[in-house]
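S.K.: kindly generate the corresponding structure for this input.
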Amino acid sequence: MKELLRSTDPTVIAFAKALLSGEGIEHYEMDVNMSVMEGGIGIFPRRLMVRREDHFRARAVLVDNDIDLGF
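M.R.: Down below sits the predicted model:
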């Protein structure tokens, strides 16, 4: 697995997941349960992971839809 996106904004993560699902790209959201540690204030970013083989295509899908990958 390779990190594709890191964000504290749950709407960005949800949009990215919808785009990836639409393209048939498997993905996994990490750090979802960090809200237990932070008290639900959203300071810890969530990570969206994809398979290494799909990373280039997944990155292109997000960039084409104006999602800032931050790197």
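S.K.: so where's the chain uncertain?
M.R.: Counting by pLDDT under 70, the low-confidence segments of the chain come to 35-42, 71.
S.K.: would you list every one of the helices in it?
M.R.: Here the chain has its helices, by DSSP state H, at 10-22, 35-38, 55-64.
S.K.: what's in contact with the last one?
M.R.: Looking back up the chat, that one is helix 55-64. K2, L4, L5, A16, L19, L20, E23, I25, H27, V50, L69 (Cβ atoms under 8 Å, 6 or more residues apart in numbering). Using the backbone N, CA and C atoms, a C-beta is placed for each residue, glycine as well.
S.K.: the first one now?
M.R.: For helix 10-22, the surrounding residues in contact (Cβ under 8 Å, 6+ apart) are 4-5, 7, 26-27, 29, 42, 46, 48, 50, 58, 61-62, 65, 67.
S.K.: of the residues you listed, buried ones?
M.R.: Using 16 or more other Cβ atoms under 10 Å as the burial test, the contacts of helix 10-22 include L4, L5, S7, H27, R46, L48, V50, A58, V61, L62, I67 as buried.
S.K.: the fourth one touches R46, doesn't it?
M.R.: To tie it back to what came earlier, the one meant is H27. No - using Cβ atoms under 8 Å, H27 is not in contact with R46; the gap is 11.7 Å.
S.K.: tell me who's in contact with E3.
M.R.: For E3, the contact set (Cβ under 8 Å, 6+ apart) comprises R47, L48, M49.
S.K.: redo these as a markdown table? Include distance to T11.
M.R.: Formatted as a markdown table, the contacts of E3 follow (distance: Cβ to Cβ, whole Å):
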| residue | distance to T11 |
| --- | --- |
| R47 | 16 |
| L48 | 13 |
| M49 | 19 |
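S.K.: quick one: G70 from E53, how far?
M.R.: 22 Å (Cβ to Cβ, to the nearest Å).
S.K.: the two: which is more packed in?
M.R.: E53 (11 against 8; other Cβ atoms under 10 Å).
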